[in-house]
Structure formats: structure tokens, C-alpha cells
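K.L.:
One predicted model, sequence on top.
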Amino acid sequence: MVGNAVIMLHLPITKTWLLSRSAQWTFLASAILGLALLGVNIALAMLRGLVEPTQLDSSPLAQAIGLMFGIHGILGLAVLWVGMWYYCFRLDQARGVGHGVWFVSLYTFGPLVALIYYFSRYRHTVKELAPALSTEQTGEHASGIAGT
């Protein structure tokens, strides 16, 4: 029974896919949705200070905006968080204290740190490996980026 649970938790995400164009666009869209969710939450918190809380809670417009950004933002942050965990374990070249700090931060603060990790580590790595990625996508072998 435990063996089946472990197999179910393993997603078929390869190193090559983590650096692919589709992954880059997926993570970018997820980060934008997460940032939009944070912005809406901050705006609603500020509005609560200016307007009567019961008035804001009963507003259909505020409920629609909260629901729309809430669902999409939470899904985006979840995708980004899982993707950054895979990146952290499979591709991140940082070792020692730096890797440990990111690991503990991702575990402790979750999707919020995943946003920071995406913009500071993932995008930096993709920019460094862009020439190798383009040659691999044309069919040539690029050393150091092989899948699995």
C-alpha cells in the first residue's frame, strides 16, 4: 500500500521539461496569477479600512473579483510551488547554505517564497542556459541538460 502511494506522488516532470518553453510560459503565467492574487488581497484589505466591512462583504462586485482572482491565483501559486520544488531538487546548482535556505523557505512559507524563488533563481538559470536550450530544441545535443 505504501509503495503505491509513493508511485502516485511521483509526477513525470523531467529536467528537460523544467527548462522548456512550455514550462517557462506555465511558470510565468502562474507567477502573474499569484501576483494578481496578492494585489487583490492587499487592495481588499485596504478597502476594509476605508469602507464598512459588512458593506464590502455584501458587495457582489467585490465577491466576484475575490472569487475570480482567488481561484485562479491559488491554482497558479500551487502550480508554481510544485514546479519550484521540482526545480530546487532536480536542477538548482546552488549547494551548501544557499540551497538549504531556499529549501527551508519553500517549506516554511510555501507559495509566497515560490514567487521570489521563481524570479531570483529559475529565471536566472533559464537565461544562462538559453543558448544550450535552443540547440537542444533543434535536435542537437546540449551537454548538461539531458532529460530525466
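P.N.:
Noted; the coordinates are in hand.
K.L.:
number of nearby residues for F27?
P.N.:
Using other Cβ atoms under 10 Å, F27 has 22 neighbouring residues. Yep, even glycine has a C-beta here, placed from its N, CA and C like the rest.
K.L.:
you'd agree it is up against V82?
P.N.:
No. Look at F27 against V82 with Cβ atoms under 8 Å: they stay out of range, at 10.3 Å.
K.L.:
and Q93, which of the three is it?
P.N.:
At Q93, secondary structure determined by DSSP: H, G, I helix; E, B strand; the rest coil is coil.
K.L.:
What distance do you get for it to E128?
P.N.:
10 Å (Cβ to Cβ, to the nearest Å).
K.L.:
what do you get for M46?
P.N.:
Taken as Cβ to Cβ, the span from M46 to E128 is 39 Å.
K.L.:
With L112 instead?
P.N.:
For L112, the distance to E128 - Cβ to Cβ - is 25 Å.
K.L.:
try L67
P.N.:
Counting by Cβ to Cβ, the gap from L67 to E128 is 39 Å.
K.L.:
can you check G73 too?
P.N.:
29 Å.
K.L.:
how about V97, what does it touch?
P.N.:
Contacts for V97 (Cβ atoms under 8 Å, 6 or more residues apart in numbering) come out as none.
K.L.:
my bad, should have said Q93
P.N.:
T125.
K.L.:
The chain should start at 12 in everything you say after this.
P.N.:
Noted, 12 is the first residue going forward, which turns the last one into Q104.
K.L.:
Do a quick rundown of the helices in this protein.
P.N.:
In the chain, the helices defined using DSSP state H lie at 13-20, 26-29, 32-61, 64-68, 71-101, 108-120, 122-128, 134-148.
K.L.:
Export those helices as TSV, with columns for mean pLDDT.
P.N.:
Compiled in TSV, the helices of the chain are given as follows (pLDDT from 0 to 100):
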stretch	mean pLDDT
helix 13-20	51
helix 26-29	82
helix 32-61	89
helix 64-68	72
helix 71-101	87
helix 108-120	84
helix 122-128	91
helix 134-148	72
